[in-house]
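Peer 1: could you work out the structure for the sequence below:
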Amino acid sequence: MKPFVNFSRSLSLIFFALCSSATVAESPNYNYTELSYSSGEIKVGDDPQLKWDQEGFEIEGSHAFNNNIWVYGSYDRLDGRSDLDDSKLESRSAVLRLGYVFTPGDTLSVDLSALLRKDRYKDILKTNRGWGLGAGVRARLAMFELFGRADYLGDDYDGGWAGDLGAVWHMSQHFGLTLSYEAADYKSKPDDGLKYQPSLLQLGVRFTFPRS
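Peer 2: Residues are numbered from 1 along each chain as shown. Reported below is the predicted structural model:
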């Protein structure tokens, strides 16, 4: 019983030390870079619906000028293979945002943005380009941060949407681990009318920079 008690005390001390290393009451910081490993699938079409398992990486960066004007960019590269016929699918996606951040609370932030997005599917020779509007919310809870985002996509995306939900574990002031789930659902313009439904689970590392 005593070894278990000592082990529990050790875990409590470690957890307290980690919590103390992060700032307890501060608004989310939009100055960071992040590298993530991604794993998931993409479904294309309606009937029949084709599916490829995918994995790869994503790199993203964010910066807020004067803590209000906000720019963001991301790029992901995924390689997939179908379980049905062993066919391959390489997808590349890029997103660029420009928006405004406001903080209704000490540990809460909300951002609104206009965005450009491009998805390229090499093996089916299809590229979707378009614009969109996005809204996101981030909440800091001691050493943890929760975030969510929803985007509307137009032009080639023909009224689609994309979403992102996840959390950051701030292990120190500058370093953190992230876990998130991304999904999208959109349809190409009537020239081919294909429906695309990518979904990804991501595990990443984030480095946070000092505020502007």
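Peer 1: burial of the nearest residue to residue 27 once chain neighbours are set aside, as a residue count?
Peer 2: The shortest distance from residue 27 to any residue that is not its chain neighbour, by Cβ to Cβ, 6 or more residues apart in numbering, is 4.8 Å, and that residue is residue 103. Where C-beta positions appear, they are placed from N, C-alpha and C, glycine not excepted. Residue 103 is surrounded by 15 other residues when neighbours are defined as other Cβ atoms under 10 Å.
Peer 1: need the CA coordinates for the helix or strand where residue 103 lies. CSV is fine.
Peer 2: Take DSSP states H and E as the rule and residue 103 turns out to sit in strand 88-105. What follows is strand 88-105, C-alpha atoms only, in CSV (Å, rounded to 0.1, in the frame of the first residue of the first chain):
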residue,chain,number,x,y,z
LYS,A,88,-3.4,5.5,-54.8
LEU,A,89,-4.4,9.0,-54.1
GLU,A,90,-2.1,11.9,-53.3
SER,A,91,-3.8,15.1,-52.0
ARG,A,92,-2.3,18.5,-51.2
SER,A,93,-4.2,21.3,-49.4
ALA,A,94,-3.3,24.9,-48.6
VAL,A,95,-5.2,27.5,-46.6
LEU,A,96,-4.5,31.2,-46.2
ARG,A,97,-6.5,33.4,-43.7
LEU,A,98,-6.7,37.0,-42.8
GLY,A,99,-8.9,38.0,-39.9
TYR,A,100,-9.6,39.9,-36.7
VAL,A,101,-9.3,38.6,-33.1
PHE,A,102,-11.1,39.9,-30.1
THR,A,103,-11.1,38.7,-26.5
PRO,A,104,-14.5,38.8,-24.7
GLY,A,105,-12.9,37.3,-21.6
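Peer 1: buried ones in that strand?
Peer 2: Neighbour-count burial for strand 88-105, with 16 or more other Cβ atoms under 10 Å as criterion, is recorded at 89, 90, 91, 93, 95, 97, 99, 101.
Peer 1: mind listing the helices for this structure?
Peer 2: Ranges of helices in the chain, per DSSP state H, are 2-21.
Peer 1: from residue 45, how far off is the residue nearest the centre of it?
Peer 2: Among the residues of the chain, residue 164 comes closest to the average C-alpha position under Cα atoms, centre = their mean, at 5.4 Å. Separation of residue 164 from residue 45 (Cβ to Cβ, to the nearest Å) stands at 24 Å.
Peer 1: kindly report the same for residue 125.
Peer 2: Computed with Cβ to Cβ, the distance linking residue 125 and residue 45 is 15 Å.
Peer 1: more neighbours: these two, which one.
Peer 2: A side-by-side neighbour count of residue 125 and residue 45, using other Cβ under 10 Å, places residue 45 first with 14 against 7.
Peer 1: for that one, what are its contacts?
Peer 2: For residue 45, the contact set (Cβ atoms under 8 Å, 6 or more residues apart in numbering) comprises 194, 195.
Peer 1: what about the nearest residue to residue 130 once chain neighbours are set aside, how many residues close to it?
Peer 2: Closest residue in space to residue 130, ignoring its immediate chain neighbours: residue 155 at 3.4 Å, by Cβ to Cβ, 6+ apart. Neighbour count of residue 155, defined by other Cβ under 10 Å: 15.
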